[in-house]
Every structure is written in C-alpha cells, then in structure tokens.
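S.K.: just to be clear, the model below is a prediction. Sequence and coordinates:
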Amino acid sequence: MRQFYEGWHEYLLTENQDNINRPTLSDDLDMDRWNSFLSVGFSHHHEILIRTDTLEERFFYIGKCAAEFWDYRLLKHNLTTKLFAEQGKQPNNFSITISDADLRRKALLSFKDEYLLDYINIESPDDEVDERVLESEIVLNIKNFIMSLGKDFAFIGNQYRLIIEEQEYFVDLLFFNRQLQCLIAFELKRGAFKPEYRGKMNFYLSALDDLVRLPHENRSIGVILCKSKKEKIVEYAFRDTSKPMGVSTYKLTAELPEKYREILPSEEELRKLM
C-alpha cells in the first residue's frame, strides 16, 4: 500500500468537501486512463509499479490489462519480455510493402524485436540449437509461444505443406492474425541472419498468397526468427523486396542478475559437476 501511495499520490489528489474525499486527476490522467486505472486489480497495479520506470510505461500495461483482460500470469510474462520497449522495434520492410496506413501501423505493433522463449529447455553445448528441435519445443509449448507473440495470433500448424510443380515445401510455423487479417509465416534459424534467408521467405509468401490466402485476406507476412542479426545486413537484404517481412531474434533464457553471477557457478562449471 505504501508503494501504491508513493507511486500515484502526485497524480491522484483529493479534495475534502463535507467530509467526503473526492479524487481529482492531474493533467497526466484523462478519463480514459482513469477508467482503465480503476478496472485493474491491486496485484496487477503492484506488479506494474515495481517493474516499470515511467508513467507512459505504466499506462501502456494498465491499458493492455484493461482492454485485453490480461491475467496476472500474462502481465508478468509481458513485463519480463519488456513488451513496452520491444514492441514496434523489429527490423522490417513494412513501410515500403504495406500501403494501407492503418494496416501498416497494426503490423508494426504486432511484432517484437526479440522474443524470450525461457519456457523452452534445450541443452545445446555449442549454443546453436537445431532448428527442428527448437520447432518441436515451440509446438509442445504453443500456448506459451502464442503468449510471447501477443494478442490475436491463431496457430494453424507446423511444417505446413505447400505443393508446387509436384515438389513439396514446408513452412516451419504458420499462424493467422485476426487484427491484420493475414497469414503469418515463421522461419526458424539457429544462427545469425543471412541475406539468403530473404529469398526463401519471399518464395513461401508468394506461394501462400497464391495457394492458401482467402480472397478477403491481406497479403501474408513473413518473420525470420534467428539467434542474432546485424541491422545493416537486414536493411540491405530487405531494401528492394516487395513482400512484407521482418527479422526478430529469440533468447532461450533471461540474463542472470549481476548480483548472482559471482555467487552461482557458471554454466560450464555446472556441466563439469553434472
């Protein structure tokens, strides 16, 4: 309660009239924000207060909790994965491939620069997980993966088969997004992004648009999910493409807090002990 008071007292003032405390709002709180504020439970408020730094960040999560009915677990997950900071920062070519301004804005907000897949437990000595193993783990934890992606993603399938000129091709993960009204193809890569990945994704998106997309749906979007990327390489690879696509990275575990690094044994020391 003390943290709650210290976090909000300057924005929620009170006037005493006829022995009744009436709240008045500072200029930072309009009625929409106030209504969202009132609709969020105390546990949510506490978690947001202790894990955010700015008023805008607080109200980003309060607004999401109010509008999308986030439970406490989903709120904690999105705070851990830094949804506020990561949303809209994914390198992509949407500005030149999506002409509709509203659809482009929604697409920019639908993907993150980095996805934390800390629910996946894979032992990989060279730190480069086999793509099929990573895919299998994602499918086994598909509910958590959809939570990582965010609102309005529906899972269609993995190794989605396309038959072209009597040859089979397989999209690693295929989703549909209700807000964007389009198919979303994910290609998983275990290492750093390479320019040649763009050509394969372009091929898949063309095939999906021609063979799978329904008449009322928008053009398919591709996401190449890699272990790492170099911004300039992504920029040059996407510069002259006509298909909407982006590159995101994934992280399997969160960073160990600094204060614990000297106390706990390293990963290599643990391996030796095991």
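M.R.: Now that the structure is in, tell me what you want to look at. Numbering: from 1, shown residues only.

S.K.: report the longest helix in this structure, please.
M.R.: Assignment by DSSP state H gives helix 196-211 as the longest helix of the chain.

S.K.: can you spell out which helices and strands pack onto that one?
M.R.: strand 153-164, strand 167-177, strand 182-188, strand 221-226, helix 231-238, strand 245-251 (3 or more C-beta pairs under 8 Å, 6 or more residues apart in numbering; DSSP states H and E). To be clear about C-beta, it is placed using only N, CA and C from the backbone, and glycine gets the same treatment.

S.K.: quick check: mean pLDDT across that helix?
M.R.: The average pLDDT within helix 196-211 is 96.

S.K.: do stretch 252-259 as well
M.R.: Per-residue scores along stretch 252-259 average to 62.

S.K.: again with stretch 150-160
M.R.: On average, stretch 150-160 scores 92.

S.K.: buried residues in that stretch?
M.R.: For stretch 150-160, the neighbour count (16 or more other C-beta atoms under 10 Å) marks 150, 152, 153, 155, 158, 160 as buried.

S.K.: export that stretch as CSV, just CAs?
M.R.: Provided in CSV are the C-alpha atoms of stretch 150-160 (Å, rounded to 0.1, in the frame of the first residue of the first chain):
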residue,chain,number,x,y,z
GLY,A,150,0.8,-11.3,-28.3
LYS,A,151,-2.9,-10.7,-29.0
ASP,A,152,-4.9,-12.2,-31.9
PHE,A,153,-2.5,-14.9,-33.2
ALA,A,154,-4.0,-18.2,-34.0
PHE,A,155,-1.8,-21.3,-34.7
ILE,A,156,-2.5,-23.1,-38.0
GLY,A,157,0.3,-25.7,-37.9
ASN,A,158,4.0,-26.5,-38.2
GLN,A,159,5.8,-27.9,-41.2
TYR,A,160,2.8,-26.6,-43.2
